[in-house]
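Asker: Pasted the sequence and its predicted model underneath.
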Amino acid sequence: MKIKRTLCMLLSGALLLASMAACASSQPPAMPAVSSNVAASTTAPANVELPPPAAEGINGSIIIATQNETPSIAPARHITVTGHYKNRMTHNGLFRTNYEDLEPVPDLVKSWTALSDVLFEFTLHEGILFHNGEEMTAEDVVASFYYVREFPEAKVAHLSALEAEVVDTYTFTIYTGEPNAGLFSDLTHTGNFIMPKSLIDSGHDFQSNPIGSGPFVFGEWKYGDSMTFTAFENYFDTDRAPKIENVTWRFIPEGTSRTISLETGEVDYVVEVPEADVPRLEASPDVTVFMRPATGYNFILLNNSLPQFENLVVRQALNMAVDQEALVTVAFEGLATPIREHLPRVFPGTSSEGLLPFDPEGAKALLAEHNIDPATLAFDMVTSTEERRRMAEVVQAQMLDIGIPTTITMNDHATTIQRSLDAEYEALFGMVSSANLISLIRLAYHGGIEGAPNRSRVNLPELNDLIDQGIATIDADARNAVFEQASRLINENVFNIPTHIPMTIRAFSSKLVAPEISATGDLNINMIYWAQ
């Protein structure tokens, strides 16, 4: 049975967080996710049996078209979604995110024990091999734990764990310092993926050869063109071992070109599907279109360290001038959810209180009331995709409506990411994608993390304290109440300009079966196969 389109609705609901002081367990406590109500994101309903593979074992090839080229393929060396796709092919974390409910489940870890609220003991599966043939041990885990701390791009991903220590060959402990509701979620992040200690010690260049324990082995990177991977025959998890032998990623920035490549059979799978092409692809008997609302929070980052954005009144006026409905209509054919909240309401613990309405006349009056000449607030907007370029053009017209001149700068994806990290921008179209509120709020708005400032350069002590308090609160209801306070404070301070929550749209050959596509956009390529 073939389902041409699956559209699941994101539902906000109560999240469960079991006590982290349990004596022992083979499963982690439920961590913050979208909701226990999120439907399984398969290309067929959960009660429909998927077709069998065309042949037993590892066979066949697949070509995937993607819009952006990652700046790095080494774990912990970037913050890009497109880089995370590749990291999950070559490496593993101690835990992985379950595609159905976005909760962390054990991956490299066989079992764990909570020795206290702040000390956890983990045991690895035996027989896990790295691509270089070495067996993974606790020594590799601890070495990786401290190695990733050298890179600011990964710093936020391992804030929940302060120390790691080897107990025996396959056992180690992690110390959090204080109760931390984000620990298991952080351990799913690519910034915490495990690498061989021997290669870390020898100064191996993981940028050019990302050796890990993942389901695929890195092959070749032809910059500006493509990247190849081959199935790892000794992958430790037989249930999740790759079904496809060879995977090629092709970098095709222009959306229509990606669509045409799929229609002509030059590629088999398109990651970023242009919204305007969805009806055409849905009408094709040779293509399956998958759709579901995502968890990515898209916004216009304002560099709050710059004079024109330090003033709250200015930020209020900018937010009142932007019509998110128009952005979604023009840039995404309506296939996205416009938002004014500064944290997406898909997560419990967020609030709509303190929001400003779309009111350009009110924005003009506010600037006039405070004797602010809008012409002095000119700024540049950095974009990296054709969709964001269209959004920027709409925002440009809306800003001109209240007298603020703007310019638009188009950069490639890697340059845009680096500019956001270096704060070399005035305004920049960006996204934070996360499986839970803890990771998102910490990455987007916490300003007290040494060596890892958020990209908006926000540093409000009261907000930092609330975020820290929420992360240290184990009870879910109590934690959500704290985060609601933080959410209201963020709304009131309008640090950025929210735009939308996107739709996850994937299109691929109707002969392919892609069982696991999550709301975060993860692909789980190892589970894809050619059907009979």
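Answerer: Sure thing, it's come through. Numbering: from 1, shown residues only.

Asker: which residues touch the helix or strand hosting residue 462?
Answerer: Residue 462 is part of helix 461-471 when elements are defined by DSSP states H and E. Here helix 461-471 makes contact (CB atoms under 8 Å, 6 or more residues apart in numbering) with 160, 180-182, 349, 438, 441-442, 445-448, 479, 482-483, 485-486, 489-490, 493. Where you see a C-beta, it was placed from the backbone N, CA and C, and this is true even at glycine.

Asker: Show me which positions of that helix end up buried.
Answerer: Within helix 461-471, the residues that qualify as buried by neighbour count (16 or more other CB atoms under 10 Å) are 463-464, 466-468, 470-471.

Asker: how close does the nearest residue in space to residue 306 that is not next to it in sequence sit to residue 301?
Answerer: What sits nearest to residue 306 in space, not counting adjacent residues and going by CB to CB, 6 or more residues apart in numbering, is residue 426, at 6.1 Å. Relative to residue 301, residue 426 is positioned 9 Å away (CB to CB, to the nearest Å).

Asker: Tell me which of the two has more neighbours.
Answerer: Per other CB atoms under 10 Å, whichever of residue 426 and residue 301 has more neighbours is residue 301, with 27 against 19.

Asker: ok, now which ones touch that one?
Answerer: Here residue 301 is in contact with 420, 425, 427-430, 455-456, 496 (CB under 8 Å, 6+ apart).

Asker: any weak-confidence spans in the stretch 401-532 of the chain?
Answerer: Residues of the stretch 401-532 of the chain meeting the criterion pLDDT under 70: 451.

Asker: how about the helices in it?
Answerer: With DSSP state H, counting those that start in this stretch as the criterion, the stretch 401-532 of the chain has helices at 413-422, 437-445, 461-471, 476-493.

Asker: quick revisit: in this structure the residue nearest to residue 306 contacts residue 300, no?
Answerer: No. Contact between residue 426 and residue 300 fails when scored by CB atoms under 8 Å: they sit 10.3 Å apart.

Asker: residues shared between the contacts of those two?
Answerer: If you check residue 426 and residue 300 against CB under 8 Å, 6+ apart, the residues they both contact are residue 381.

Asker: rewinding a little: identify, out of the helices of the stretch 401-532 of the chain, the most deeply packed stretch.
Answerer: Across the helices of the stretch 401-532 of the chain, the average number of neighbours (mean count of other CB atoms under 10 Å) peaks for helix 437-445, which reaches a mean of 24.

Asker: ok, back up a step: and residue 137, which of the helices of the stretch 401-532 of the chain is closest to it?
Answerer: Taking CB to CB as the measure, those were each checked against residue 137, and helix 437-445 came out nearest at 28.2 Å.

Asker: What is the closest one packed up against?
Answerer: In this structure, helix 437-445 packs against helix 183-186, strand 427-432, helix 461-471, helix 476-493, with contacts taken as 3 or more CB pairs under 8 Å, 6 or more residues apart in numbering; DSSP states H and E.

Asker: Residues contacting that helix, please?
Answerer: 31-32, 156, 159, 181-182, 185-186, 189, 297, 343-344, 347-350, 432, 434, 449, 454-456, 458, 463, 467, 470-471, 483, 486-487, 490, 495.

Asker: Repeat that for stretch 408-415.
Answerer: Defining contact as CB under 8 Å, 6+ apart, one finds that stretch 408-415 is touched by 67-71, 80, 82, 380-385, 389, 392-393, 396, 419.

Asker: Tell me the buried residues within these.
Answerer: 67-71, 80, 82, 381-385, 392-393, 396, 419.

Asker: Can you name the two of the residues you listed that sit furthest apart?
Answerer: Spatial extent of these (CB to CB) is set by the pair 70 and 396 at 28.8 Å.

Asker: and the end-to-end length of stretch 148-166?
Answerer: Using CA to CA, to the nearest Å, the gap from the first to the last residue of stretch 148-166 comes to 17 Å.

Asker: what about that stretch, average pLDDT?
Answerer: Along stretch 148-166, the predicted confidence averages to a pLDDT of 84.

Asker: tell me the contacts of the closest residue in space to residue 387 that isn't next to it in sequence?
Answerer: Residue nearest to residue 387 in three dimensions, not counting chain neighbours: residue 331, with 4.8 Å by CB to CB, 6+ apart. When contacts are counted by CB under 8 Å, 6+ apart, residue 331 is found next to 387-388, 390-391, 394.

Asker: Could you rerun that using 10 Å?
Answerer: 275, 385-394, 499-500 (CB atoms under 10 Å, 6 or more residues apart in numbering).

Asker: Out of the residues you listed, list just those in strands.
Answerer: By the criterion of DSSP state E, membership of the contacts of residue 331 in strands covers 499-500.

Asker: Could you dump the contacts of residue 331 into a markdown table with distance to residue 366 added?
Answerer: What follows is these, written out as a markdown table (distance: CB to CB, whole Å):
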| residue | distance to residue 366 |
| --- | --- |
| 275 | 34 |
| 385 | 32 |
| 386 | 33 |
| 387 | 30 |
| 388 | 27 |
| 389 | 29 |
| 390 | 27 |
| 391 | 23 |
| 392 | 23 |
| 393 | 24 |
| 394 | 21 |
| 499 | 21 |
| 500 | 24 |
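
Asker: ok, of the contacts of residue 331, which one's closest to residue 530?
Answerer: residue 275 (27.5 Å).

Asker: I figured that closest one hits residue 255, correct?
Answerer: Yes. Between residue 275 and residue 255 there is a contact at 8.7 Å, judged by CB atoms under 10 Å.

Asker: which neighbours do these two share?
Answerer: Once CB under 10 Å, 6+ apart is applied, the residues that residue 275 and residue 255 both contact turn out to be residue 387.

Asker: Between strand 427-432 and the lowest-mean-pLDDT helix or strand in the chain, find me the angle.
Answerer: Taking mean pLDDT, DSSP states H and E as the measure, helix 413-422 is the helix or strand of the chain with the lowest mean score, a mean of 86. For helix 413-422 against strand 427-432, the angle between stretch directions is 100 degrees (axes from the mean of the first three to the mean of the last three CA atoms, to 10 degrees).
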